[in-house]
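Asks: Sequence and predicted structure are below.
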Amino acid sequence: MRVFRTLLPVVVAGLAVLGAGCKRESAARGPDAPLRLGFFPNITHAQALVGNAEGTFASQPGVGRLEVMQFNAGPAAMEALVAGSLDVSYVGSGPAINTFLKAGRELRVIAGAVNNGAVLVVRTVKTPAELKGKKLASPQLGNTQDIALRYWLKQRGLTTRLDGTGDVQIFPLSNPDILGQFLRGGIEGAWVPEPWGARLVAEGKGRILVNEKDLWPGGRFPTTVLVTTRQVMETQRPRVVALLRAHLRLTERWQEDPAGFTTAANAAFGRLTSKPLPAGILQQAFSRLEPSLDPVPRALATAAEHAKTLGFITDANIDGLVDLSLLDEARAGVAK
């Protein structure tokens, strides 16, 4: 944890440098350059999984030549976006907020994708108080689930510290490592996104102590959003609007045919990872996900306040982060 604190200024400085690089690279790109779309092989990026597998984005009129780029974590995708080597990306709300605040406020959330889908799964405890003295895990220090876990514990009078001490010890582990530690009894539980929550329950015989959606007004918080930069909005606006039309159609298809879309997403997930999810886990995981074009701006602002309260950021002002003008244009185009 001390290492993170030491590296944080370096990371921030790196983002600033990359921000300068963004202008240079974008300025050098010609009109025939491909539009570059990023996503992760996660079911919380279901529209991207299906749209990439079925060619929905590439065949959308107006997108032009498309290059799809796969990432494994939000920070890498956001560094590419800020560096100008990526134009649009699906990403978690936490990395989007961090990048907006730490890289010149250039990032823009242009649509929602998926809401909800994070849970705290435990092995033995029955109440929050029983977590005192226990070891928990989150996917990454300072990521969306890590902040949610630490803030939830703080609200219940349980301390956590970035060096791993406190009333509750929190360890940042990759999702596969979380599952392994949970199965071996190395941790009491973890705050994880789907499908890892469903896997901890099904494979680790855990139980859900907290479904994060129950903590938010209206039971909705953004898990995955679609982002770009202010510069891309200015220089490639028609192509990004066309891309959003494809995203809009995929989201509506998921809303209208959840079972069919879930099957398509798992097939695409299986092709990328060679490990499609078993039917029971797939059903449980998708039951906690909500396809949505609404990035829930109020929840984004609240998440930023939580990160500031915990000391991950010093400024929680995210005015200007959300710009839905392109989505409005995409909707108008579809309605014609």
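Replies: Looks like it arrived, so ask away. Numbers count the residues shown, from 1 in each chain.
Asks: From here on, just use CA atoms for contacts and neighbour counts.
Replies: OK.
Asks: Can you show me the strands along the stretch 151-300 of the chain?
Replies: All strands of the stretch 151-300 of the chain, identified by DSSP state E, counting those that start in this stretch, fall at 169-172, 189-193, 207-211, 222-229, 290-291.
Asks: Among the ones you listed, which comes closest to residue 95?
Replies: Minimum separation from residue 95 across the strands of the stretch 151-300 of the chain (CA to CA) falls at strand 222-229, 10.0 Å.
Asks: now stretch 187-199: how far from the chain's centre is it?
Replies: 15 Å (CA atoms, centre = their mean, to the nearest Å).
Asks: Burial check on residue 296, number of neighbours?
Replies: Applying other CA atoms under 10 Å, we find 18 residues neighbouring residue 296.
Asks: May I see the buried residues of stretch 313-329?
Replies: Neighbour counts over stretch 313-329 (16 or more other CA atoms under 10 Å) mark 313, 316, 318, 321, 322, 323, 324, 326, 327, 328, 329 as buried.
Asks: Show me how far it is from its chain's centre.
Replies: Distance of stretch 313-329 from the chain centroid (CA atoms, centre = their mean) equals 16 Å.
Asks: got the end-to-end distance for that stretch?
Replies: End-to-end distance of stretch 313-329 (CA to CA, to the nearest Å): 33 Å.
Asks: can you pull the alpha-carbon coordinates of stretch 292-308 into CSV?
Replies: This file holds the C-alpha atoms of stretch 292-308, laid out as CSV (Å, rounded to 0.1, in the frame of the first residue of the first chain):
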residue,chain,number,x,y,z
SER,A,292,-28.9,1.6,-19.3
LEU,A,293,-28.0,4.6,-21.4
ASP,A,294,-28.2,6.8,-18.4
PRO,A,295,-24.8,7.3,-16.7
VAL,A,296,-26.6,8.5,-13.5
PRO,A,297,-24.7,11.7,-13.1
ARG,A,298,-25.8,12.2,-9.5
ALA,A,299,-24.3,8.8,-8.6
LEU,A,300,-21.1,9.8,-10.3
ALA,A,301,-20.9,12.9,-8.3
THR,A,302,-21.6,11.0,-5.1
ALA,A,303,-18.9,8.4,-6.0
ALA,A,304,-16.4,11.3,-6.4
GLU,A,305,-17.4,12.6,-3.0
HIS,A,306,-16.8,9.1,-1.5
ALA,A,307,-13.3,8.9,-3.1
LYS,A,308,-12.5,12.4,-1.7
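Asks: could you give the mean pLDDT of it?
Replies: Averaged over stretch 292-308, pLDDT sits at 96.
Asks: do the same with stretch 55-67
Replies: Stretch 55-67 shows a mean pLDDT of 96.
Asks: Looks to me like residue 37 is in a strand.
Replies: Yes: per DSSP: H, G, I helix; E, B strand; the rest coil, residue 37 lies within a strand segment.
Asks: In terms of pLDDT, where does it sit?
Replies: Per-residue confidence at residue 37 stands at 98 (pLDDT).
Asks: likewise residue 41?
Replies: Residue 41 carries a pLDDT value of 89.
Asks: residues touching the residue lying closest to it once chain neighbours are set aside, list them.
Replies: Excluding the flanking residues, the one nearest residue 41 by CA to CA, 6 or more residues apart in numbering is residue 269, at 6.3 Å. Shown in contact with residue 269 (CA atoms under 8 Å, 6 or more residues apart in numbering): 41, 42, 43, 49, 275, 276.
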